Structure formats: C-alpha cells, structure tokens
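> Model the following, please.
(one chain, ligands or ions: 1)
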Amino acid sequence: MSGSYIEVQVEQCRQVAPAIKEFALKALDAPLPAFSPGSHVVVEMRDGQKTYRNPYSLLSDPRDPSAYRIAVRLQEQSRGGSRFMHERIAEGSRLRISPPANLFAPDWRARKHILLAGGVGITPFMSYLPELQRRNADFELHHLFRSSRTGAYDADLRQRLDGRYFAYDSARDKRCPVAELMAAQSPGTHIYICGPQSLIDAVYANAAQIGWPQEHIHVEAFAAPEPGEPFEAVLCKSGKTIQVGAEESLLEALEREHIEVPNLCRGGVCGQCVTGVRDGAIEHRDHFLSEREKSSGQCLMPCVSRAKGPKLELEI
Ligand code: FES
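Numbering: from 1, shown residues only. The predicted model follows:
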C-alpha cells in the first residue's frame, strides 16, 4: 500500500482461539474511514530495523467504523509478522494501518450466498454477516476448523446464526462435504471461499464437474510470501542494486530501501504491484498474471514472486 497510513492504538486484545488473537484498533486522530463487507487493511509492524506489512480482514460491522477489529493467526512458520502481533502487541500499543481496501466483496446479485471459511478464513465473513442479515439475504456459513488451534467465534456464530451455521471441527473428525454441498444448490447461488489452497482447489474441481459458473466463485487468497533463495535486484532506472534476503519478499526489500511500489493484497492476487523485468529468470508465484504474461518474462508480482537465479533486472 503506498500513500497515507492511519495511526491507530490497540484498544482491546483477546485470545479468540488457541492460535488466534483479536485486536480492536482505534484511530488516534481523525475517525476511521468507512468500509464495506470483505475489506482488509494492511498493518505495518516496526520491529527494530525490520518492518512487516501484513493484510488482515476487518471483522467489525461495516456500519460501525468507530473501531476496526482484526484477528491474527500465529503461523507456525511465521516470517515474523504474526509472531510480532501475538508477542509484542498489547492494549495501548500503537500501529499504522492502510486505509481499507476490498478485494472480496459479496456479489449482491446472488440468489443465495454459501460462505466457506477455513480456520482464520472466518475473518472476512464476520463483516459480511451483519449486512447479509440486514438485507435478509439467503446464506449459509460453513466453518472448517480445528478446535485445538483455530475455532474462533464458533460458539458465538452457533448462537447468532442458528440453522444457517455449519461447523466442521477436524479434531472431532468432522469434514465438510464440499461436493454434496455444491451439488445441492440451485442456479444463481454464489460461493465464497477464504481458507487453505486445498479448500479452494476442491471448490474449483467440483465446479468444473457440475458446471458451476466461474463467475459465481469468489476467493480470498491472501498468501504470505514464501521464503526462497536470496538474490540481487538491479533497479535499471536508478542503477541501484539491492539484496533480497531468503526470508523477505522482493516488495519488502524494495520498501526497506524506501522504493514505493503500489500494492493492495501483498499476496499475489490484486495485480497492483506489477513490475517490469528487463532481464533474469523469474519464479512466478502469483495468481494474477496469465500463463502468457508469465512465460513472456517481462513482468512479475514482487509481493510474492522472486528470481529463479542470482539476479533480476527490474524496470524501475
Ligand atoms: S500487492 Fe497484490 S498482487 Fe502484489
């Protein structure tokens, strides 16, 4: 996210599942901007010389922007951001966040909405629910989790949504019958998925089998950048060379050097950070570029993709 960040203070912090903490954020100066269901913000965390920037969905009711709530899952393989939020951020801590952006809005033309949440993937749906209920929309929430780690909001949702809530706790061997669920829907139903890639793949595989239209499938696919081999990035316009470490993304390395690249999702889906490449082999890891664009070798998404060799020359 380039441009203006908002200064916030943590008003409340609570454990909502063994691996998930929720934070309520209040603005320090001006009121927080309004947002729509499915929006996220990028949270900036400064840890000495390192700065982490992670996107988190807003959990609050969009009609009440008096405070933003986010939930952070402690990743076992954390590169630092989720660990920093869990271990170093408490009530009273100050942070900077981007203004909200929405890459996962409900499609209000749908006759029915099937929400499929895996673990901490419940978060964007928390801001859907008040609006779906206000509109008296037809919906079901299917929540897949492991109670020993990620069953956030289960009891609350059970009570709030009654027959519209379906919980699948893998610790109790409960599995979501994705194929049957999709096959039972009438035309005009949209499905929304926020969860692991295996869940997204299962939905697409079933959709292909039963002819479910692609435009009726909505995916929130934020993926933290995976580590890789270190490499050198040469910035052709300025002649500068920067080193990209194994644990950081190219985007993070550019930001460390105060080079601004527009970005929204930081997970290879929005297309905002596209950057021209003059030379060097690319390891594409995004879900935005077409196969043709990827094989042209002329651009990459620096939020997730990296060099497939020791050096990349960039058109910046
Ligand atoms: S920031 Fe969205 S694709 Fe890179």
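> Distance of residue 37 relative to the ligand?
As judged by Cβ to the nearest ligand atom, to the nearest Å, residue 37 and the ligand stand 20 Å apart. C-beta here means a position set from N, CA and C on the backbone, and glycine is covered the same way.
> who are the neighbours in contact with that residue?
62, 102, 105, 106, 124, 127, 128, 130, 131, 132 (Cβ atoms under 8 Å, 6 or more residues apart in numbering).
> Show me the contact partners of stretch 186-195.
Applying Cβ under 8 Å, 6+ apart, the set of residues contacting stretch 186-195 is 57, 104, 106-107, 110-119, 121-125, 128, 144, 182, 185, 199-200, 203, 207, 212, 216-220.
> First residue to last residue on it, what's the distance there?
24 Å (Cα to Cα, to the nearest Å).
> Off-centre distance for that stretch?
Put simply, stretch 186-195 sits 18 Å off its chain's centre (Cα atoms, centre = their mean, to the nearest Å).
> Could you list the buried residues of that stretch?
For stretch 186-195, the neighbour count (16 or more other Cβ atoms under 10 Å) marks 189, 190, 191, 192, 193, 194, 195 as buried.
> Let's have these in CSV, adding secondary structure and distance to the ligand.
Shown next, in CSV, are the buried residues of stretch 186-195 (DSSP: H, G, I helix; E, B strand; the rest coil; distance: Cβ to the nearest ligand atom, whole Å):
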residue, secondary structure, distance to the ligand
189, strand, 28
190, strand, 23
191, strand, 22
192, strand, 19
193, strand, 18
194, strand, 16
195, coil, 19
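> Where is pLDDT lowest across these?
Lowest pLDDT of those: residue 195, 91.
> which residues of the chain score low on pLDDT?
Counting by pLDDT under 70, the chain shows low-confidence ranges at 1-3, 78, 222-223.
> domain parsing for it?
For the chain, automatic domain parsing gives the domain ranges 6-102, 112-220, 231-314.
> end-to-end on the shortest one?
To tie it back to what came earlier, the one meant is domain 231-314. First residue to last in domain 231-314 (Cα to Cα) measures 13 Å.
> And residue 304, how close does it get to residue 315?
Look at residue 304 and residue 315: by Cβ to Cβ, to the nearest Å, they are 18 Å apart.
> the more surrounded of the two?
residue 304 (26 against 13; other Cβ atoms under 10 Å).
> if you skip the residues just before and after it, what's nearest to the more buried one?
Sequence neighbours aside, residue 268 is the residue nearest to residue 304 in space, at 3.8 Å (criterion: Cβ to Cβ, 6 or more residues apart in numbering).
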